[in-house]
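1. could you look at this predicted model? Sequence included:
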Amino acid sequence: MKKVAILGSTGSIGTQALDVIRANRDRFKVTSLTCGKNIEELSKQIEEFSPRLVVTADETDALILAKRYPKLEVMYGESGLIAAAEDDSEILLNSLMGMRGLVPTYRGIRSGKDIALANKETLVAGGELVMDAVHKSGVKLLPVDSEHSAIFQCLQGNQGKRIKRILLTASGGPFRGYNRKQLEEVTLEQALKHPKWTMGRKITIDSATMMNKGLEVIEARWLFDVPLTDIQVLVHPESIVHSAVEFEDTSVIAQMGLPDMRIPISVALGYPERIPYEGRSLDFFQEGANLTFEEPDTDVFGCIKLAYAASEAGGSYPVVMNAANEVLVDKFLKGKISFVDIEKNIEKILELHTPSYNLGLNDIIEIDQIIRKEVMG
């Protein structure tokens, strides 16, 4: 019985993780659950999974739950997230959105827990710091993103073999094939219609700008310790090949399957075992019959180039890029800027930035907050 804490249990990844746990109650025990403001969904999860600790974003919601469940420990805010990260679980699933995920991940690692990571910002902003903590603590950092899980699976049994290339697949998002002029006219409603995946609003917009793929390139650099030049993005609209690895003998090993986040979640939670799943298998004569791959158009989707450049420059650049992107996506979601303004403003902010290096946790948090205030105006 593996004890699991889930940060962000009412979001897309969190609810699907609970689907996996629900189907494998003999394998997992939920110890802590956290949410933003969806306390009604959290209440249903409390009654089904009986955690020891729950955490909300706001004190008001925490007081409501404390009154509703008097025997349950209820906390709120960052201190609550840290408490959940440091509870008595064996594995911490972090599916928080944004920079809120960095500190709990770091504290969970330092407390000796394996991490199932579905929070991109942890490695984008704090890759060097986090991976150093992973190595010192001797814990496992298990990727939950479908692409990084695919790479992780391809590497099993190949530890120590030299990687020639990581082939990171991308669906292309809703605007695959668009030119720059067409992008200037897209609406919020169009940007939120992803052709393959059902995700939260922020990550869906990141997929539309293809910044999501840029962030994943940076993650892959840290997770698999490969140079940026050895990571190639492939646009694969069918989303059947979730990513692949080419080794020095030019053999390519790919991980394939239907688009279903429960699979990478179960890989991370169950590792090193595979967990049986009753979902539909890939039909190679239907979904697998015609698989296509394209080179991404980085002149149209410039966020990919910005991510490569920020990661190559290192230091505070990825922190700045990530912070600016989060604020600008939120502005777009609120109708304050256009779709192409996201990329344009990130590029300007990076050009004006004076970098700093050898960042500690507090440095990363301070830079992130400064950039957010500047971009918010």
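-> Ah, there it is.
2. mean confidence score for stretch 45-62?
-> Average pLDDT, stretch 45-62: 98.
3. could you pull out the helices for the stretch 101-250 of the chain?
-> Under the criterion DSSP state H, counting those that start in this stretch, helices of the stretch 101-250 of the chain are mapped to 102-110, 120-137, 146-155, 180-183, 188-191, 201-209, 211-224.
4. please enumerate the strands of the stretch 201-350 of the chain.
-> If DSSP state E, counting those that start in this stretch is used as the criterion, the strands of the stretch 201-350 of the chain fall at 231-235, 241-247, 252-256.
5. and the ones you listed: which comes nearest residue 178?
-> Closest approach to residue 178 among the strands of the stretch 201-350 of the chain (Cβ to Cβ): strand 231-235, 12.3 Å. The C-beta positions use only the backbone N, C-alpha and C, and glycine is treated the same way.
6. which elements pack onto the closest one?
-> With contacts taken as 3 or more Cβ pairs under 8 Å, 6 or more residues apart in numbering; DSSP states H and E, strand 231-235 sits against strand 163-170, helix 211-224.
7. single out the most deeply packed of those.
-> helix 211-224 (a mean of 25; mean count of other Cβ atoms under 10 Å).
8. returning to what we had before: so which of the helices and strands packed on strand 231-235 is nearest residue 250?
-> Closest to residue 250 of these, according to Cβ to Cβ: strand 163-170, at 6.9 Å.
9. rounded mean pLDDT for the closest one, please.
-> pLDDT averaged over strand 163-170 gives 97.
10. highest average neighbour count across the strands of the stretch 201-350 of the chain?
-> strand 241-247 (a mean of 22).
11. contacts for the helix or strand bottoming out on mean pLDDT in the chain?
-> Least confident helix or strand of the chain, by mean pLDDT, DSSP states H and E, is helix 201-209 with a mean of 94. By Cβ atoms under 8 Å, 6 or more residues apart in numbering, the residues outside helix 201-209 that reach it are 97-98, 171, 173-175, 186, 191-192, 194, 197, 199, 212-213, 215, 301, 303, 325-326, 329-330, 332-333, 339, 342-343.
12. quick check on those: which are buried?
-> Taking 16 or more other Cβ atoms under 10 Å as the criterion, what is buried in these is 97-98, 171, 173-175, 186, 191, 194, 197, 199, 212-213, 215, 301, 303, 325-326, 329-330, 332-333, 339, 342-343.
13. and the helices and strands packed on strand 231-235 as a markdown table, adding distance to residue 143?
-> Output for these, formatted as a markdown table (distance: least, Cβ to Cβ, whole Å):
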| stretch | distance to residue 143 |
| --- | --- |
| strand 163-170 | 12 |
| helix 211-224 | 6 |
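14. to residue 268, which of these lies closest?
-> helix 211-224 (12.2 Å).
15. off-centre distance for that closest one?
-> Its chain's average C-alpha position is 10 Å from that of helix 211-224, according to Cα atoms, centre = their mean, to the nearest Å.
16. swap in stretch 144-161?
-> Computed by Cα atoms, centre = their mean, the chain-centroid distance of stretch 144-161 equals 16 Å.
17. just stretch 153-167 next, same as before
-> So, by Cα atoms, centre = their mean, the centroid of stretch 153-167 is 21 Å from its chain's centroid.
18. now stretch 43-57
-> 23 Å.
19. same question for stretch 337-347.
-> Stretch 337-347 sits 22 Å away from the centroid of its parent chain (Cα atoms, centre = their mean).
20. ok, residues contacting that stretch?
-> 180, 183-184, 186-188, 191, 205, 208-209, 211, 301-303, 306, 321, 324-325, 328-329, 331-332, 375.
21. tell me what the closest residue in space to residue 58 that isn't next to it in sequence is bridged to.
-> Among residues not flanking residue 58 along the chain, residue 76 sits closest, at 6.0 Å (Cβ to Cβ, 6 or more residues apart in numbering). Judged by DSSP bridges, the bridge partners of residue 76 are residue 56.
22. separation between residue 209 and residue 254?
-> 26 Å (Cβ to Cβ, to the nearest Å).
23. again with residue 189
-> Residue 189 is 34 Å from residue 254, by Cβ to Cβ.
24. same check, this time on residue 354
-> 42 Å.
25. likewise for residue 91?
-> Remark: distance between residue 91 and residue 254 (Cβ to Cβ) = 27 Å.
26. could you do residue 289 as well?
-> 16 Å.
27. contacting residues around the closest residue to residue 80 other than its chain neighbours?
-> Nearest non-adjacent residue to residue 80, counting by Cβ to Cβ, 6+ apart: residue 55, 3.5 Å away. Contact analysis of residue 55 by Cβ under 8 Å, 6+ apart lists 32-35, 62, 74-77, 80-81, 83-84.
28. just the buried subset of these, written out for PyMOL, thanks.
-> To isolate the buried members of these in PyMOL, using 16+ other Cβ under 10 Å:
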select buried, resi 32+33+34+35+62+74+75+76+80+81+83+84
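29. nearest to residue 19 among the contacts of residue 55?
-> residue 33 (14.1 Å).
30. which SS class is that closest one?
-> Taken by DSSP: H, G, I helix; E, B strand; the rest coil, the conformation at residue 33 corresponds to strand.
31. cool, the one 4 residues further on as well?
-> Residue 37 falls in the coil class when you classify it by three-state DSSP.
32. quick one: the closest residue in space to residue 360 that isn't next to it in sequence and residue 324, what's the gap?
-> Closest residue in space to residue 360, ignoring its immediate chain neighbours: residue 129 at 7.0 Å, by Cβ to Cβ, 6+ apart. Going from residue 129 to residue 324 by Cβ to Cβ gives 20 Å.
33. so which of the two has more stuff around it?
-> residue 324 (24 against 21; other Cβ atoms under 10 Å).
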